[in-house]
Each structure stands twice: as C-alpha cells, then as structure tokens.
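Colleague: Give me a model of this one.
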Amino acid sequence: MPYIESELEFNQYYQNIINRDEVGYKEIRDEYISNWSGSGGPLRDTDGTILLFEKIVDGEGSYGDSYEHENQKISANSTYFVYDQSDEINNIIDREFSEL
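Modeller: Numbering: from 1, shown residues only. Next up, the predicted model:
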C-alpha cells in the first residue's frame, strides 16, 4: 500500500534513502568541481559537456535553484548581425525573379 506524503516524513527508511541520495549528489558535484582544471570556463565533464548542478537543501531536496559556484556561470554573447537594408545592396545582389 502506498504512503501519503505526510506519512513519508516520519518513515525512517524513506528518510534514509533521501539523505543518502542528497549526500551522493553533493559528493559527485564536489568531485567534479575539485577535479576541474578549466581556466575560468564553465564546469565540463570528460566529453566536454557543460555540467550544471542544482542547489540541494539538506533534508528538503531541491527547489530547482542553481548551485552557485564560480565555475557554474555561463555567459552568452548577446550581439547580433546588423544587415544592410539600404538600396545599395540591390546593386550587388540580383534580387529579381525571372522565369527559366
């Protein structure tokens, strides 16, 4: 028979599983961070994939907040191309359609 959420708060077996998972997650996160030798870039695994971790609150799990660490920040260049919209471009590129 399944438990309701309020019963799980007092179920020692369930609480031990939660605590074990939290500790395991933090150990993996800390191991990646301590072994990271990137020069100020984002944290990556051996395949070059960027790793992002969630902030874990002891006994409560995650609320979806990011774990804040100097190697967890990713910056994106927000510049974009500005295309020439003047009529001069029509002298360079033939934009007229014609039948074959």
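Colleague: going forward, measure contacts and count neighbours with C-alpha atoms only.
Modeller: OK.
Colleague: which residues of this protein score low on pLDDT?
Modeller: Where the chain drops to pLDDT under 70, the residues are 1, 38-40, 71-73, 84.
Colleague: from the middle of its chain, how far away would the longest helix anywhere in it be?
Modeller: The residue-count maximum for a helix in the chain (DSSP state H) belongs to helix 12-35. Relative to the centre of its chain, helix 12-35 is centred 19 Å away, using C-alpha atoms, centre = their mean, to the nearest Å.
Colleague: can you check stretch 9-20 too?
Modeller: That offset, for stretch 9-20, works out to 28 Å (C-alpha atoms, centre = their mean).
Colleague: CA atoms of it as CSV?
Modeller: The C-alpha coordinates for stretch 9-20 follow below in CSV (Å, rounded to 0.1, in the frame of the first residue of the first chain):
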residue,chain,number,x,y,z
GLU,A,9,8.1,12.5,6.6
PHE,A,10,8.2,10.1,9.6
ASN,A,11,9.2,6.9,7.7
GLN,A,12,12.8,6.3,8.7
TYR,A,13,13.6,4.0,5.8
TYR,A,14,12.3,6.6,3.3
GLN,A,15,14.2,9.5,5.1
ASN,A,16,17.4,7.4,5.0
ILE,A,17,17.0,7.0,1.2
ILE,A,18,16.5,10.7,0.7
ASN,A,19,19.6,11.6,2.9
ARG,A,20,21.7,9.0,1.0
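Colleague: what does it rub up against?
Modeller: Contact with stretch 9-20 is made by Leu8, Asp58, Gly59, Gly61, as judged by C-alpha atoms under 8 Å, 6 or more residues apart in numbering.
Colleague: tell me the contacts of the second one?
Modeller: Counting by C-alpha under 8 Å, 6+ apart, Asp58 touches Asn19, Glu22.
Colleague: so what's the backbone phi/psi at it?
Modeller: Phi and psi for Asp58, reported as degrees, to the nearest 10, are phi -50, psi 130.
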